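Chemist: Mind looking at a prediction? Sequence and model below.
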Amino acid sequence: MELKTNIMCGSCIAKVTPVLNEMIGENNWKVDILNPKKILSVTNNNLAESDVVKVVEKAGYKAEKLV
């Protein structure tokens, strides 16, 4: 699954890493900060998109469906 986020830089990624690792699983996600939409890719298929959005929000950022 891929979501658009407002995770902009390496420092932002460092902030969300503990939360995303705990909820999604280490090595099950990545953020492409070079993409203008800052795409979060999640490879853990056991999670609903709404759950991933909540996890990102818990970390202090926003995520939404790609349009």
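Modeler: The structure has been received and is ready for your questions.

Chemist: longest helix anywhere in this protein?
Modeler: Counting residues, the longest helix in the chain under DSSP state H turns out to be helix 10-23.

Chemist: for the chain, what spans make up the helices?
Modeler: Using DSSP H, helices in the chain cover 10-23, 49-58.

Chemist: Tell me the helices and strands packed up against the longest one.
Modeler: If you count contacts as 3 or more CB pairs under 8 Å, 6 or more residues apart in numbering; DSSP states H and E, helix 10-23 packs onto strand 29-32, helix 49-58. In this view, the C-beta of every residue, glycine as well, is placed from N, C-alpha and C.

Chemist: From the contact counts, what lies against the shortest one?
Modeler: The helices and strands touching strand 29-32, judged by 3+ CB pairs under 8 Å, 6+ apart, are helix 10-23, strand 39-42.

Chemist: that older thread, Throw the helices of the chain into JSON lines and include mean pLDDT, thanks.
Modeler: What follows is the helices of the chain, written out as JSON lines (pLDDT from 0 to 100):
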{"stretch": "helix 10-23", "mean pLDDT": "96"}
{"stretch": "helix 49-58", "mean pLDDT": "96"}
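
Chemist: hang on, isn't I7 packed against K38?
Modeler: Yes. I7 is within contact range of K38, at 5.3 Å (criterion: CB atoms under 8 Å).

Chemist: ok, the two, which is more surrounded?
Modeler: Neighbours were counted for I7 and for K38 using other CB atoms under 10 Å; I7 has more, 24 against 21.
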